[in-house]
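> When you get a sec, could you give me coordinates for this:
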Amino acid sequence: MFGCLMMAALLFGQVDDNDIRTTVPTNPFECAHARSFRYDKTGRRVTCITQRGEMLILNDNAEYPIVTTLEKKPGGRISDRAPMSAILAPGGRDIVLFYLDGRVQVWNIGTGTKIKDLESERKDFGYAYSSPDGELVACLSHSRQGNSSAILFWNTRDWTAAGRIESKEMINDFCFTADGRQVLACVGHPSDQKHLGFTGIMAWKLASKDEVDKIEYGNGFPIRIAISPDGRWVATGGGDAIPVRVNARSLSGHLRIFDWEHKKFVTEPYTLPTDYVRAVQFSPDSKYLYSGSYSTPPGGGQYIAGIRAYRVGNWDSLWNATLGNGNPHELRVSPNGKDILVPDSDNLHIVDAKDGTVRGTKLTFRFYPEDRDQDNLK
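Prediction:
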């Protein structure tokens, strides 16, 4: 009987979620540069959006995506059609899109149609995340043109607005704690601009939106933040930007670790002389930390994208994978912790989380000159 069940699983492609591996296509799908890569909770669906304003859906771990062209703003440019970020709603049926001009939309993945415009009084949307229980989605509205920074929330049950966190400090990124009770944010400015406000990590109660904790950062500033699923550790990616001449700065980077239980700095696993550390994420089991950055390889040479892995607790370096040209602004670990999606300028790579092997390319990115020509006509 067991043999029959195993044969049926092989014939019909039934694989336990824990054994799912992201498919490496024979010929990667070509598209404009993409962002906001999201797995559903099973790892069987991957979604993302492109700079041309397209939604890509890879169902059932497919090699190639279903492509949906998103709504173009009336009178706008092709680039206006591209959301700044997207978050897959609980259940994996809907996706929420956040635009720089303040639009917030819910689209149905199955039908490829917009089903709702959400209420919003802010613009300049950036990073978006969902709460651990899936009851909320949230998006950062950047501090620009005299506005305060804000994190806006919506109920996924009926898509009504669910309040906001506003801060006079410059919020660069945020995350939910694993228990869903707090929101953490990395805030602040380069070393020569500390007079502009607080630099470090801040925390608010989600229910009341009241500030409850903060940790000062020291030199440099954080631009990305992640908390381990067990709630113990906070990692920040960032660096510094030192003025070298008029309108020019020299960038450096660092990865920093904080003990969130004791609210203190722990260690700085690595620094870079060239650019910020721009992506951080823990593994689902809280045993590993991954970071993405753009720097020269150990032997010198051309700047390339890279991803590093560390063991949580002692922070030993486990591996360092080099990719291609361009900066890895994000990375996404699969729900079972086996694969990591990492984009650079040219490709979306699939990296083996265990040893850093680059398993293959999921998407290939290209530039469309006709888009620039049409935008220039506006």
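> what sits against R366?
30-32 (C-beta atoms under 8 Å, 6 or more residues apart in numbering). Glycine gets a C-beta too; all of them are placed from N, C-alpha and C.
> ah, wrong one, I meant V24
350, 359-362.
> Grab the nearest non-local neighbour of it.
With C-beta to C-beta, 6 or more residues apart in numbering as the criterion, V24 has its nearest non-adjacent residue at 3.3 Å, and that residue is G360.
> Quick check: that neighbour touching I350?
Yes - using C-beta atoms under 8 Å, G360 makes contact with I350 at a distance of 5.4 Å.
> which of the two has more neighbours?
I350 (22 against 16; other C-beta atoms under 10 Å).
> Help me confirm that that one comes into contact with L341.
Yes - I350 is within contact range of L341, at 6.5 Å (criterion: C-beta under 8 Å).
> can you list the domains in this structure?
For the chain, the structural domains run 28-168, 169-345, going by automatic domain parsing.
> I'd like the average pLDDT over the first one.
The average of the pLDDT scores along domain 28-168 is 92.
> For it, measure first residue to last.
44 Å (C-alpha to C-alpha, to the nearest Å).
> Would you check how far apart G301 and T357 are?
Distance, G301 to T357, by C-beta to C-beta, to the nearest Å: 21 Å.
> Looking at these two, which has the bigger crowd around it?
Each of G301 and T357 has its neighbours counted (other C-beta under 10 Å); T357 has more, 12 against 8.
> from what I can see the more buried one touches A321, true?
Yes - the pair T357 and A321 passes the contact test of C-beta under 8 Å, sitting 7.5 Å apart.
> Quick check: neighbours shared by those two?
V351.
> Next, give phi and psi for the residue nearest to V24.
phi 160, psi -170 (degrees, to the nearest 10).
> Tell me the spacing between it and R21.
Taking C-beta to C-beta, one finds G360 at 11 Å from R21.
> Residues in contact with both of I350 and L341, list them for me.
Common neighbours of I350 and L341 (C-beta under 8 Å, 6+ apart) are 22, 362.
> circling back to that earlier point, dump the contacts of R366 into JSON lines; add neighbour count and secondary structure as well.
Shown next, in JSON lines, are these (neighbours: other C-beta atoms under 10 Å; DSSP: H, G, I helix; E, B strand; the rest coil):
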{"residue": "E30", "neighbour count": "9", "secondary structure": "strand"}
{"residue": "C31", "neighbour count": "20", "secondary structure": "strand"}
{"residue": "A32", "neighbour count": "18", "secondary structure": "coil"}
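> Going by neighbour count, which residues of the helix or strand that contains A150 are buried?
Assigned by DSSP states H and E, A150 belongs to strand 149-155. Neighbour counts over strand 149-155 (16 or more other C-beta atoms under 10 Å) mark 149-154 as buried.
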